[in-house]
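Enquirer: let me see the structure of the following:
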Amino acid sequence: MLLAISDTFTDSLAKLTGDEQRAAKTTAFDLQVDPSGTSMSFHKLDKARDKRFWSVRVSSDLRLIVHRSDTSLLLCYVDHHDDAYKWAERRKLESHPTTGAAQFVEVCERTEEVFVPVYIDVEQPAPPKPRLFAHLADAVILDYGVPPEWLERIRSVTEETILDTVAHLPSEAAEALLQLATGSAPTRTPQPVAAPSDPFDHPDARRRFRVVNNVEELAAALDYPWEKWTVFLHPAQRDSVERTYGGPARVSGSAGTGKTIVALHRAAFLARSSPDARILLTTFSDALANALSNKLHTLLASEPRVAERIEVRSLDAVADRLHRLILGKAQHTAPDTLADVVQAAAAATPACTFGANFVVSEWTEVVDAWQLSTWDAYRTIPRLGRRSRLTERHREALWAVFEKVRAELASRGLVTRSGIYGTLAAHFASKPPPYDAVVVDEAQDVGVAQLRFLAALAAGRPNALFLAGDLGQRIFQKPFSWKALGVDVRGRSRTLRVNYRTSHQIRSQADRLLGPEISDMDGNCEERRGTVSVFNGPPPTVQVVGSPDDETNVVAVWLSELCNAGVKPDEVGVFVRSTTELPRAKAAVELAGLPYTILDDDMEPAPGSATLSTMHLAKGLEFKAVVVMACDDDVLPLQSRIADAADDSDLEEVYNTERQLLYVACTRARDHLLVIGVAPISEFVEDMRL
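Expert: Sure thing, here's the model as predicted:
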């Protein structure tokens, strides 16, 4: 007899106390050993619409709901006695008549309107709201996975009722209807060539049901019940993970759509595909690499031999290790040292009349990034992303500066970060790469020299380079052409549109910070319309106060009320633009009486403590409740960045990345979001309030 597990079971398990979870897991393990349950206490649920629902006793008041047939046992739900029974009485397990996918169908209670005449002189009532799906044929609605008994209810849905209604539907139906309501075409599940005979093999069913083959698999699923991605993948995510690509490939999507999850599963899939494969899973920072490593350990807890063939490091750590092994240890150029060398060279070149900031940025973003070593190379480079036009005479004067910089660094034995990547890229252009495949997370913030290095590791091989990222979350790098470096993802770029992390209300308001679509330098367009969130929540609060003291009081009250309602301290994140504003965050959290941890580049969120950090360190984190503080007009965008802008192009880039930084901070929130600042408020926050 097969044992299977559903996502509703892992969801309900996560809501129990620690002792209750342990008892429920013990019962589940007993069922894995003996699915027939000969030694268990089964009770048939007489009031359930689905006569195959049974209750299994866990403790005096805890019950596990299973769906039982002659050949299988499905773990469906676990809760206290009355609540567990109520859950089962309102659901049935069916195969959809059109799609063939197995799905839990919530019983749709019929409601009838009763007309009662009232003879009171009142104002004319407002016209009825338009029904969103009244024009759709039954066959079309059913094709999206809507259960037949919900057809009538769906036809009556309006803008005001759609969110409450879809919360009762199977996930594929809810997502399709939300996309239709937002004016986009639903993303259809990739269908098998032939309909599977087993309804649990359908792509839509595999997102919520999984057959468990042994105790180890069951333990991995139950040890991390809140990490549903370790067990269940959305069909669009699975398709991106398991697809064969003829060259570099990219998966994109707005915040919360599961790009990191796809990257993790892609690395695991590639490692499983060949017993000798060596896989690199990487990203641009040590902190994010550590987070990836922890998630990979969770994903592959029962597959240590697969995990040991996946190396997880930041790009800089990978480059330093390979350079040390192949060419010896490099002596890095400190940023302050580099700026001093460039400015000294500019001062020693009378023909150079540009400001110091411009010369430093031209070296960093053009000459060093692209590893230009000759005058001809600099004279002809298009300078993509640098809008200040330079005549040949201007370039000639600048090149005289850069030759001095190159000579000075060489005389000191110093190497820039870009120089390390350039040397390694040249080496692997003619040598076998150390990895069979590379998977990159947060690819939007990978730099020019880093991408050239990655392209050299991939060497154009099929399935050798997979990149996950979101142009709307680019906060560290200026845009540049991937195609110019040999990374052409046209035809191999896919967009995820289902948001799992952020409520509909928070996502909708955060989306106001960005345009409906974003294009890269190669013309690849990421359309942000059509993304839907799979759950509801309270609307975010955007507030302007008169003073920092007022801000402290408002935030403290907001946090206290949430904690009194059951939100735990380690489910709270508080973000500010820079370290200068951290005292304001500390004052608010201390007034609320919450323990807290202040993150730096090396520290991770601590259990039992609220997390305080700058917005840049929010990358890769998520919390049930988030406060974005100190969003004053003279703080966001950061005034020092505006003052340092070398030209109009730099200034535009400052505004773009500062806006995207606020978007990153806001989308770390799952259920509750407070954005607050002192008047006058940032223009970005004003956009959110529209």
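
Enquirer: which residues of the stretch 201-350 of the chain fall in helices?
Expert: For the stretch 201-350 of the chain, the helices defined by DSSP state H, counting those that start in this stretch cover 203-206, 215-223, 235-242, 259-273, 286-299, 304-307, 315-326, 335-347.

Enquirer: equivalent analysis for the stretch 351-500 of the chain, please.
Expert: In the stretch 351-500 of the chain, the segments counted as helices under DSSP H, counting those that start in this stretch are 356-362, 375-380, 392-412, 417-428, 448-458.

Enquirer: what is the first one packed up against?
Expert: In this case it means helix 356-362. helix 335-347, helix 392-412 (3 or more Cβ pairs under 8 Å, 6 or more residues apart in numbering; DSSP states H and E). C-betas here are computed from N, CA, C, even on glycine.

Enquirer: want to throw the ones you listed into JSON lines with distance to Pro569?
Expert: Shown next, in JSON lines, are the helices and strands packed on helix 356-362 (distance: least, Cβ to Cβ, whole Å):
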{"stretch": "helix 335-347", "distance to Pro569": "36"}
{"stretch": "helix 392-412", "distance to Pro569": "48"}
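
Enquirer: would you mark the buried spots in stretch 215-229?
Expert: For stretch 215-229, burial by neighbour count (16 or more other Cβ atoms under 10 Å) applies to 217-222, 224-225, 227-229.

Enquirer: tell me the least confident of those residues?
Expert: Across the buried residues of stretch 215-229, the smallest pLDDT goes to Pro225, namely 58.

Enquirer: so where is the stretch 101-250 of the chain shaky, pLDDT-wise?
Expert: 109-126, 187-196, 224-226 (pLDDT under 70).

Enquirer: over to the stretch 301-450 of the chain?
Expert: 384-388.

Enquirer: swap the cut-off to 90 and go again
Expert: 301-302, 355-358, 361, 365, 380-391 (pLDDT under 90).

Enquirer: and what of the stretch 551-690 of the chain?
Expert: Using pLDDT under 90, the stretch 551-690 of the chain drops low at 600-606, 620, 640, 642-653, 688-690.

Enquirer: can you give me the strands for it?
Expert: 572-576, 596-598, 610-614, 623-628, 669-678 (DSSP state E, counting those that start in this stretch).

Enquirer: parallel or antiparallel, list what pairs with the fourth one.
Expert: Using DSSP bridges, the neighbouring strands of strand 623-628 in the sheet come out as strand 572-576 (parallel), strand 669-678 (parallel).

Enquirer: beta partners for the nearest residue to Val572 once chain neighbours are set aside?
Expert: Of all residues not flanking Val572 in the chain, Ala610 sits nearest, at 4.2 Å (Cβ to Cβ, 6 or more residues apart in numbering). For Ala610, the beta-bridge partners under DSSP bridges are Tyr596.

Enquirer: ok so, going back, and the strands paired with strand 623-628 as TSV, adding mean neighbour count?
Expert: Shown next, in TSV, are these (neighbours: other Cβ atoms under 10 Å):
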stretch	mean neighbour count
strand 572-576	27
strand 669-678	24
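
Enquirer: the ones you listed: which one's closest to His332?
Expert: strand 572-576 (29.5 Å; Cβ to Cβ).

Enquirer: residue contacts, Leu496?
Expert: Leu496 is in contact with 234, 236-237, 240, 251-253, 257-259, 262, counting by Cβ atoms under 8 Å, 6 or more residues apart in numbering.

Enquirer: if we use 6 Å, what do you get?
Expert: Contact analysis of Leu496 by Cβ atoms under 6 Å, 6 or more residues apart in numbering lists 253, 257-258.

Enquirer: do you know how far it is from Ala174?
Expert: Leu496 sits 16 Å away from Ala174, going by Cβ to Cβ, to the nearest Å.

Enquirer: also Leu514?
Expert: Distance of Leu514 to Ala174, given as Cβ to Cβ: 24 Å.

Enquirer: of those two, who's got more company?
Expert: Between Leu514 and Ala174, Ala174 has the larger neighbour count (other Cβ atoms under 10 Å), namely 24 against 21.

Enquirer: which residue comes closest to the more buried one once chain neighbours are left out?
Expert: Val166 (3.8 Å).

Enquirer: what about that neighbour, neighbour count?
Expert: The burial count for Val166: 26, using other Cβ under 10 Å.

Enquirer: same deal with Glu172?
Expert: Around Glu172 there are 28 residues (other Cβ under 10 Å).

Enquirer: rewinding a little: out of the helices of the stretch 201-350 of the chain, which is closest to Ser411?
Expert: Short answer: helix 335-347, nearest of these by Cβ to Cβ, at 10.3 Å.

Enquirer: can you pull out the strands in the stretch 51-200 of the chain?
Expert: 53-57, 62-68, 72-80, 91-95, 102-106.

Enquirer: only C-alpha atoms, please: export the second one in CSV.
Expert: Meaning strand 62-68. Provided in CSV are the C-alpha atoms of strand 62-68 (Å, rounded to 0.1, in the frame of the first residue of the first chain):
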residue,chain,number,x,y,z
LEU,A,62,-5.3,15.2,18.5
ARG,A,63,-6.6,13.5,15.3
LEU,A,64,-4.9,12.8,12.0
ILE,A,65,-7.2,12.8,8.9
VAL,A,66,-6.4,10.3,6.2
HIS,A,67,-7.9,9.3,2.9
ARG,A,68,-8.0,5.6,2.7
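
Enquirer: between it and strand 53-57, how many degrees?
Expert: 140 degrees (axes from the mean of the first three to the mean of the last three Cα atoms, to 10 degrees).

Enquirer: what are the contacting residues of strand 62-68?
Expert: Contacts to strand 62-68, defined as Cβ under 6 Å, 6+ apart, come from residues 20, 27, 52-56, 58, 73-78, 81, 84, 88, 93.

Enquirer: which of those residues count as buried?
Expert: 20, 27, 53-56, 58, 73-78, 84, 88, 93.

Enquirer: CA atoms only for stretch 296-304 - export them in PDB, please.
Expert: Only the C-alpha atoms of stretch 296-304 are listed here, as PDB (Å, rounded to 0.1, in the frame of the first residue of the first chain):
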ATOM      1  CA  LEU A 296      20.100  23.100   0.200                       C
ATOM      2  CA  HIS A 297      20.800  21.100   3.400                       C
ATOM      3  CA  THR A 298      17.100  21.100   4.100                       C
ATOM      4  CA  LEU A 299      16.200  20.100   0.600                       C
ATOM      5  CA  LEU A 300      18.700  17.200   0.400                       C
ATOM      6  CA  ALA A 301      18.700  16.100   4.100                       C
ATOM      7  CA  SER A 302      17.900  12.500   3.000                       C
ATOM      8  CA  GLU A 303      20.400  12.600   0.000                       C
ATOM      9  CA  PRO A 304      23.800  13.400   1.500                       C
END
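
Enquirer: got the buried residues for that stretch?
Expert: Residues 296, 299-302 are the ones in stretch 296-304 that count as buried (16+ other Cβ under 10 Å).

Enquirer: got the contact list for that stretch?
Expert: Against stretch 296-304 from outside (Cβ under 6 Å, 6+ apart): 216, 220, 224, 227, 230, 264, 268, 306-307, 312.

Enquirer: measure how buried Glu311 is and give me the count.
Expert: By other Cβ under 10 Å, 18 other residues sit near Glu311.

Enquirer: tell me the bridge partners for it.
Expert: Leu280.

Enquirer: right, and it touches Leu280 too?
Expert: Yes - between Glu311 and Leu280 there is a contact under Cβ atoms under 6 Å: 5.2 Å.
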